[in-house]
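J.: Compute the structure for the input listed below.
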Amino acid sequence: MRQAMAYAEVGDDVFGDDPTVNALEAYVAGLFGHEAALFAPSGSMANQIALQLHVPAGGELLAGADAHVVTYELGAAAALSGISTRTWGSVGADLDVDQIAAMIRPVGYPSVPTRAIAVEQTHNLGGGSIVPLSTLRALRSVADEAGVGLHCDGARIWHAAVADGVALSEYGALFDTLSVCLSKGLGAPVGSLIVGSRERIAQARVIRKRLGGGMRQVGILAAAGRYALENHIDRLAEDHARALRLAEALAPLGVVDPSRIRTNLVPLDLSKTSLDSPALAGLAAQQGVLIAPMLPSIARVVTHLDVDDSGLEQAITVLGGLLADAS
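T.: Residues are numbered from 1 along each chain as shown. Coordinates of the predicted model:
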């Protein structure tokens, strides 16, 4: 990947003439069966650009209460775009399509009109859970009937495709826009793309510049993303298998249900232990295992291409010991 970056042919992406970026955008658009794509420096920016494409200032976005666009983007939809957000209470990928349909508000005074629905695939706080294809199809029908946009925060959509054997083009056909991340499991150092129609992506380019996302010789980064896509998607199955092994090893301690582990995220429920997630993360780090405190009682463990079998065994030993002591 670093060699690909070093030898990348570059231009000026602000003027649209970086050949490596252009090739990456065309490649990703093709993967999802859409007309165009746009490279962005982060997944949060990609999401926020997509939301602006759907929701004008004063309009409403529907999303899950634990969605990344709601919980981990620092209120950007409201702060930057004047978007009002209303949430449903479903946890993770367990969507109630009828509930979402009932929440949609039509255009007309004095209500705030619903302009778009956002879903997350896979779901971060849902522990890497996957929204089933049948649910997404039903949600597509709801969006079409109501005349609202449907956006996918597809930061980890590669994981869903590998785990469920669903073609990326099948996911692409269900959404008006998608944001897809090159660093989530694929190993690129930076970058996401917004995928959509040619018209929407032309507008997205303007919004990206307005948000400060216009970059120059960004082909150096795009080359890393292209390498990741061509070499690291199929191997995600290895991460899924290691995540399941970790969950099965820690299950006797009562902190995780292995039957719910579908991809590479393992949430640890610490509510019945004497540790909170920052404390566990700090103790684990002292022994060379890095995990993320997500909520006070939820810690997240992620398997990825830099975690081999020996690293997994180290994580099992360290976390198992700490959690046994805290039980």
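J.: ok, which stretches of the chain are strands?
T.: Ranges of strands within the chain are 36-40, 60-64, 84-88, 114-120, 149-154, 177-181, 192-196, 265-269, 292-295, 298-302, based on DSSP state E.
J.: Now the first one: buried residues?
T.: By 16 or more other C-beta atoms under 10 Å, the buried positions in strand 36-40 come out as A36, A37, L38, F39, A40. C-beta coordinates here come from the backbone N, C-alpha and C atoms, glycine included.
J.: Could you let me know which of the residues you listed ends up closest to A67?
T.: Each of these was scored against A67 by C-beta to C-beta, and A40 proved nearest at 18.4 Å.
J.: Run through the bridge partners of the closest one.
T.: According to DSSP bridges, the residues that bridge with A40 are S192.
J.: Could you give the number of residues near G58?
T.: When neighbours are defined as other C-beta atoms under 10 Å, G58 has 12 of them.
J.: Quick check: buried residues in the longest helix belonging to the chain?
T.: Determined from DSSP state H, the single longest helix within the chain is helix 309-326. Within helix 309-326, the residues that qualify as buried are L312, A315, I316, V318, L319, G320, L322, L323, A326, counting by 16+ other C-beta under 10 Å.
J.: Same check on stretch 72-91?
T.: Neighbour counts over stretch 72-91 (16+ other C-beta under 10 Å) mark E73, A76, A77, L80, S81, I83, S84, T85, W88, S90 as buried.
J.: so who does I220 touch?
T.: M5, A8, V10, T20 (C-beta atoms under 8 Å, 6 or more residues apart in numbering).
J.: again with I316
T.: By C-beta under 8 Å, 6+ apart, the residues touching I316 are R245, L246, A249, L250.
J.: Of those, just the buried ones, ChimeraX syntax please.
T.: In ChimeraX, this line selects whichever of the contacts of I316 come out buried by 16+ other C-beta under 10 Å:
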select :245,246,249,250
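J.: most neighbours, which of the contacts of I220?
T.: Counting by other C-beta under 10 Å, top hit in those: T20 with 26 neighbours.
J.: Let's see the pLDDT reported for it.
T.: Predicted confidence (pLDDT) for T20: 98.
J.: Equivalent analysis for S90, please.
T.: Looking at S90, its pLDDT stands at 69.
J.: quick one: which of the strands of the chain is nearest V166?
T.: strand 149-154 (11.8 Å).
J.: Mind giving me the packing neighbours of that closest one?
T.: Other helices and strands packing on strand 149-154, by 3 or more C-beta pairs under 8 Å, 6 or more residues apart in numbering; DSSP states H and E, are helix 43-54, strand 114-120, helix 133-146, helix 168-174, strand 177-181.
J.: Which strands border that strand, and is each parallel or antiparallel?
T.: According to DSSP bridges, strand 149-154 forms sheet pairs with strand 114-120 (parallel), strand 177-181 (parallel).
J.: Deepest in the core, which of the ones you listed is it.
T.: strand 177-181 (a mean of 28; mean count of other C-beta atoms under 10 Å).
J.: how close does the residue of the chain most remote from its centre get to G128?
T.: Distance from the C-alpha centroid of the chain, by C-alpha atoms, centre = their mean, peaks at Y109 (34.5 Å). From Y109 across to G128, the span is 42 Å (C-beta to C-beta, to the nearest Å).
J.: Please consider this matter closed, and thank you.
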